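Chemist: dropping a prediction and its sequence here:
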Amino acid sequence: MCCFHFYRFFLPCLMVFPLLVAGQWTQTSCNDNDNAITGITADDIAVYAASHLHGILRSDDFGQTWFHSDSGLDSRHITSLANNLQNLYAGTEGSGVYISGDQGQTWLPFSSGLQDTIVRVLCMIDAWIFAGADSGGIYIYSGIGNQWIDRTIPACTGNVTDLIKSPDFIFAATTRGIFRTRNNGLTWDSCSTGLVTRNVLSLTNIGSVIFAGTAYGGIFVSYDQGSSWTIMNHGLTSYYISQLCQLDSIVFASTHGSGFFWSNDLGDTWIEANEGYYEGNINVLSLIPPYIFAATDTAGIWKRKLSDFSPSFIPVVTAGKSFGVYHDYLNSGQIIIQSNNDILFTGTIEIFTISGHTVFRQHIEIPAHGRIGIQFPGSPAGFYFLRLSGEHFTSSYTLSIF
């Protein structure tokens with residue numbers, strides 16, 4: 001999966017990140033204190049939340065209001081959510097996987113070929129859907145044959161908790177260590193050297209640098225694609241890391257007991273950022289620009305502006321047009337364009353090399369306060385330019401692919 005970093009031409013100083021941030025967390029109206037939230041995702045229409053007891057919730061206004069969106073589900077115990085901007089997928093505790101093609105209004109069983117009914121994690125990697133289950137169970141779906149393919153990790157007795165792709169490998173986090181594959185799971189190698197605990201709950205990466213969040217061991221970083229791991233806990237006050245995610249060069253970490261932390265130096269130091277937040281246990285983080293969402297055990301869902309942490313995400317404002325452009329690392333390297341305008345935007349997106357060769361051009365329409373996803377074509381690593389243009393409006397970015 002390609003990784004992108006976007007920077008404005010005329011604001012180079014924004015690459016210097018401050019250690020202190022303004023702003024604070026705010027609680028959304030999803031504040032059920034007896035219903036743990038287990039997953040959050042979004043498409044170009046809405047934000048979706050999976051819950052342990054009450055099915056799936058949907059918000060069309062970034063969390064101001066929520067309503068149930070789970071007709072057809074046989075289980076209300078939802079463990080995970082994923083989407084590819086065409087379909088939504090829900091993993092359950094006991095009923096396998098479900099699919100929705102209508103923004104969560106109705107759901108259908110989607111478990112043909114699955115040998116496990118408890119699905120812990122769902123993840124989009126390239127054109128594949130990966131499902132992680134118990135006892136090393138991993139299944140992939142390519143869209144061919146309407147059947148899940150078994151790619152279970154041999155001899156792994158741990159539950160699969162997370163899956164990511166780096167430039168060279170797909171990594172699987174389990175409660176018995178970390179494994180990696182070069183061939184979509186046909187073969188797996190154990191890669192846990194240096195971990196003081198094998199109970200790994202979450203993974204993320206910035207290019208080839210891999211981060212692992214563990215239960216009670218804190219955060220570990222690998223600079224050699226998982227061959228070895230180094231503990232990186234400076235600044236943390238809780239070592240139970242429930243989830244990691246990244247935006248550009250920033251890594252975010254949620255914990256049980258101490259809330260939320262972030263790092264802008266590849267994990268050398270971690271900065272607490274719990275302003276406005278009063279519930280200790282965060283289960284899930286999800287980047288849904290212009291916000292980061294945090295889901296909890298007993299205090300519902302919270303959100304905070306990403307611009308509090310990443311000045312490079314400050315929405316572009318030119319000729320009255322306001323946009324956020326970011327790389328959605330959970331959805332196969334897509335470029336997401338978020339409109340903060342009150343009217344429909346019609347225009348063109350172009351991506352071209354530094355020598356001026358156009359590698360991508362597409363007409364786009366973005367609904368008012370909506371977002372679209374653009375699949376970047378496979379291209380060599382290097383620097384590219386992105387230009388977004390409409391009537392009396394042009395805005396340009398640089399991006400790097402590694």
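Modeler: Sure, I can see it.
Chemist: quick check: bridge partners of residue 346?
Modeler: residue 365 (DSSP bridges).
Chemist: spit out the contact partners of it.
Modeler: 363-365, 390-391 (Cβ atoms under 8 Å, 6 or more residues apart in numbering). Just so you know, the C-beta spots here come from the backbone N, C-alpha and C atoms, and that holds for glycine as well.
Chemist: try it again at 10 Å.
Modeler: Listed by Cβ atoms under 10 Å, 6 or more residues apart in numbering, the contact set of residue 346 reads 363-366, 390-391.
Chemist: go on, residue 136?
Modeler: 151-160, 172, 174-176, 179, 188.
Chemist: run the last query once more with 7 Å
Modeler: 152-153, 156-158, 160, 174 (Cβ atoms under 7 Å, 6 or more residues apart in numbering).
Chemist: could you check how far the nearest residue to residue 364 once chain neighbours are set aside is from residue 193?
Modeler: The shortest distance from residue 364 to any non-neighbouring residue, by Cβ to Cβ, 6 or more residues apart in numbering, is to residue 349 (5.4 Å). Per Cβ to Cβ, to the nearest Å, residue 349 is found 43 Å from residue 193.
Chemist: give me the more crowded residue out of the two.
Modeler: The neighbour comparison of residue 349 against residue 193 (other Cβ atoms under 10 Å) goes to residue 349, with 19 against 13.
Chemist: the more buried one contacts residue 362, correct?
Modeler: Yes. Assessed by Cβ atoms under 7 Å, residue 349 is found in contact with residue 362 at 5.6 Å.
Chemist: overlap in contacts, the two.
Modeler: residue 374.
Chemist: for residue 295, list each beta-bridge partner.
Modeler: residue 284, residue 301.
Chemist: wait, it sits on residue 301?
Modeler: Yes. Look at residue 295 against residue 301 with Cβ under 7 Å: they come within range, at 5.2 Å.
Chemist: who touches both of these two?
Modeler: Residues touching both residue 295 and residue 301 by Cβ under 7 Å, 6+ apart: 37, 49.
Chemist: the stretch 301-402 of the chain: strands as residue ranges?
Modeler: 301-305, 316-318, 321-328, 334-339, 345-353, 358-366, 371-375, 382-390, 393-401 (DSSP state E, counting those that start in this stretch).
Chemist: can I get the fifth one in PDB, CA atoms only?
Modeler: Pointing back at strand 345-353 there. The C-alpha trace of strand 345-353 is given here as PDB (Å, rounded to 0.1, in the frame of the first residue of the first chain):
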ATOM      1  CA  PHE A 345     -17.800  21.300  -5.700                       C
ATOM      2  CA  THR A 346     -17.200  20.300  -9.300                       C
ATOM      3  CA  GLY A 347     -13.600  20.200 -10.600                       C
ATOM      4  CA  THR A 348     -10.600  18.100 -11.500                       C
ATOM      5  CA  ILE A 349      -7.800  16.300  -9.600                       C
ATOM      6  CA  GLU A 350      -4.500  15.800 -11.300                       C
ATOM      7  CA  ILE A 351      -1.300  14.000 -10.200                       C
ATOM      8  CA  PHE A 352       1.900  14.400 -12.100                       C
ATOM      9  CA  THR A 353       5.600  13.800 -11.700                       C
END
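Chemist: now it: buried residues?
Modeler: Residues of strand 345-353 classed as buried: 345, 347, 349, 351 (neighbour count, 16 or more other Cβ atoms under 10 Å).
Chemist: and the closest residue to residue 297 other than its chain neighbours, how many neighbours does it have?
Modeler: Closest residue to residue 297 apart from its sequence neighbours, by Cβ to Cβ, 6+ apart: residue 281 at 4.3 Å. Residues within reach of residue 281, counting by other Cβ under 10 Å, total 18.
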